[in-house]
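Asks: Return atomic coordinates for the entry below.
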Amino acid sequence: MNSALAWLEVFRRPAAETAPTYALFFDNPTDPDNSMKTTVTLIEDLSQLSELDAAKRRLEPGSARCKELKLEAESVRERLPTAILHHYDLRISKGKRGAARMRNNTCGGCHLSLPSGQLSDLRREDAALQVCGYCSIFILPEIVQPEAAQAVAPVVEEPVVVKKPRKSKAKAAEDA
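Replies: Here you go, the predicted model:
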């Protein structure tokens, strides 16, 4: 149950079922009736909501731009599942951030190093939404810059110089 969304199954599981099933119900893109989002769109929506909330905090509460951001945030909130919004709003109500990007293998909220298992989960393409074990913030994966990855200069191999071992003073005196 490393995933932040693993607790969602508890609410969606039938009452008669005793053994937990860990299938994420929103990860089935082939189901046309499924109103839940895939993990990628869920992470994008949560990232967008976090950015909108940060922009609203920097503005005056009564400004026109703040009202525009509130309307845009409401449209993003409609796309997110209720359980995730509840966790996010709980963090916001305490005056903390609800979601943050991972940077240099650390949590963007508390800046503590993440466990290696959680880092490998975040780097996978089919990564599920993760929660920091220290500050309980939603961790969003790093943004990979495709231009930066291609801009790396090719490695030029330099010839290796092999040094001869030095003769000891005793051997040098014997040879002379």
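Asks: use CA for all of it now, contacts and neighbours both
Replies: Fine.
Asks: Using CSV, list the CA coordinates for the lengthiest helix in the chain.
Replies: Looking across the chain with DSSP state H, the single longest helix is helix 39-58. Output in CSV follows, covering the C-alpha atoms of helix 39-58 (Å, rounded to 0.1, in the frame of the first residue of the first chain):
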residue,chain,number,x,y,z
THR,A,39,-3.0,8.4,-12.9
VAL,A,40,-1.2,10.7,-15.3
THR,A,41,-4.2,13.1,-15.6
LEU,A,42,-4.7,12.9,-11.9
ILE,A,43,-1.1,14.0,-11.2
GLU,A,44,-1.4,16.8,-13.8
ASP,A,45,-4.7,18.0,-12.3
LEU,A,46,-3.2,18.0,-8.8
SER,A,47,-0.1,19.8,-10.0
GLN,A,48,-2.3,22.5,-11.7
LEU,A,49,-4.4,22.9,-8.5
SER,A,50,-1.3,23.3,-6.4
GLU,A,51,0.0,26.0,-8.7
LEU,A,52,-3.3,27.8,-8.7
ASP,A,53,-3.4,27.8,-4.9
ALA,A,54,0.1,29.1,-4.7
ALA,A,55,-0.7,31.9,-7.1
LYS,A,56,-3.9,32.8,-5.1
ARG,A,57,-1.9,33.1,-1.9
ARG,A,58,0.4,35.7,-3.5
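Asks: got the contact list for it?
Replies: Here helix 39-58 makes contact (CA atoms under 8 Å, 6 or more residues apart in numbering) with 26-27, 66, 69-70, 72-73, 76-77, 79-80, 97-100, 126-129, 140.
Asks: A100 belongs to a helix?
Replies: No. Read with DSSP: H, G, I helix; E, B strand; the rest coil, A100 is strand and lies in no helix.
Asks: so who does it touch?
Replies: S47, S50, C107, G108, G109, I137, F138, I139, L140.
Asks: what do you get for L122?
Replies: Counting by CA under 8 Å, 6+ apart, L122 touches A128, Q130, L140, P141.
Asks: per-residue confidence at the first one?
Replies: Put plainly, it is A128. Predicted confidence (pLDDT) at A128: the value is 77.
Asks: what's the neighbour count on it?
Replies: Neighbour count of A128, defined by other CA atoms under 10 Å: 24.
Asks: Leaving aside the residues adjacent along the chain, what's closest to A100?
Replies: In this structure, A100 finds its nearest non-sequential neighbour in G108, 5.0 Å apart by CA to CA, 6 or more residues apart in numbering.
Asks: The one you found contacts R101, correct?
Replies: Yes. With contact defined as CA atoms under 8 Å, G108 counts as touching R101 (5.2 Å).
Asks: Looking at those two now, which is surrounded by more residues?
Replies: It is G108, of G108 and R101, that has more neighbours when counted by other CA under 10 Å, with 21 against 18.
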